[in-house]
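Asks: The following block contains a protein sequence and its predicted model.
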Amino acid sequence: KAGVTQTPRYLIKTRGQQVTLSCSPISGHRSVSWYQQTPGQGLQFLFEYFSETQRNKGNFPGRFSGRQFSNSRSEMNVSTLELGDSALYLCASSLAPGVYQPQHFGDGTRLSIL
Amino acid sequence: AQSVTQLDSHVSVSEGTPVLLRCNYSSSYSPSLFWYVQHPNKGLQLLLKYTSAATLVKGINGFEAEFKKSETSFHLTKPSAHMSDAAEYFCVVSQSNTGNQFYFGTGTSLTVIP
């Protein structure tokens, strides 16, 4: 069974641009979560989607948004990019929401802002 | 509120010696606890999980962890370190009143000395 697939793996943008990252969950998984990982802040929760609905949202500005499609694939969008948005963005999927459901992670998209 | 503290940011062990990575949590409700491993430029891989069943949890690659409620700890151990164990390890807590939101520790970097 294929794992969580994130595209692209690497991305370079400049300040003020916007970017869209994509995540394809494991087949059959319907919950998708996004995280930002930086050396200074560690892993921070961005948001979680289930059945095309955002269920939880972390403490990030409105420039960060996401959506989930009917096939459970998810996209994350960041507008008006800032230098501080440089990070590894990780997507994780699980069968369904719930504390007993472990999350399975993709290899991430490394976003660099110049 | 829930949080997780990884007591050591770096741990070094010699190959073939035991590994101990320490994790303490705080939680107002019965938590689910996980350990994940991250190799360079990769996503996080689930090592093991505790979800209110047996307190001694066995995971992949010879790792295990023991849930000790009285000490609010969930330390990760392995009897004999292998070079391939060198990586970053994350302790994670989740609980029912936060939906599927996971809270990550700051990570412990494990170095294995040949």
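Replies: Ah, there it is. The structure presented is a predicted model; accordingly, all values stated were derived computationally and were not measured. Residues are numbered from 1 along each chain as shown, chains lettered A, B, ... in the order given.
Asks: Name the SS class of residue 71, please.
Replies: By default, I'm working from chain A. Three-state call for residue A:71 (DSSP: H, G, I helix; E, B strand; the rest coil): coil.
Asks: if you could check chain B rather than the one you did, that'd help
Replies: Residue B:71 is classified as coil under three-state DSSP.
Asks: For it, give its distance to chain A.
Replies: 21 Å (CB to the nearest CB, to the nearest Å). Glycine gets a C-beta too; all of them are placed from N, C-alpha and C.
Asks: show me what contacts that residue?
Replies: Residues near residue B:71 by CB atoms under 8 Å, 6 or more residues apart in numbering or on different chains: residue B:24.
Asks: Please pull out the lowest mean pLDDT helix or strand from chain A.
Replies: The least trusted helix or strand in chain A, going by mean pLDDT, DSSP states H and E, turns out to be strand A:53-57, with a mean of 89.
Asks: Show me what that strand packs onto, helices and strands only.
Replies: strand A:42-50, strand A:64-68 (3 or more CB pairs under 8 Å, 6 or more residues apart in numbering or on different chains; DSSP states H and E).
Asks: any idea how far it is from the chain center?
Replies: 12 Å (CA atoms, centre = their mean, to the nearest Å).
Asks: Check which residues of that strand are buried.
Replies: For strand A:53-57, burial by neighbour count (16 or more other CB atoms under 10 Å in any protein chain shown) applies to residue A:56.
Asks: Direction-wise, compare it with strand A:64-68 and give the angle.
Replies: Relative orientation of strand A:53-57 versus strand A:64-68 (axes from the mean of the first three to the mean of the last three CA atoms, to 10 degrees): 140 degrees.
Asks: Of all the helices and strands packed on strand A:53-57, which one comes closest to chain B?
Replies: strand A:42-50 (4.1 Å; CB to the nearest CB).
Asks: Give me the pLDDT value at residue A:36.
Replies: Residue A:36 is assigned a predicted lDDT (pLDDT) of 96.
Asks: can you tell if the helix or strand harbouring it touches chain B?
Replies: In the assignment (DSSP states H and E), residue A:36 maps to strand A:31-38. Yes: residues of strand A:31-38 contacting chain B under CB under 8 Å from any CB of the partner chain: A:31, A:33, A:35.
Asks: Before I go, just wanted to say thanks for your time.
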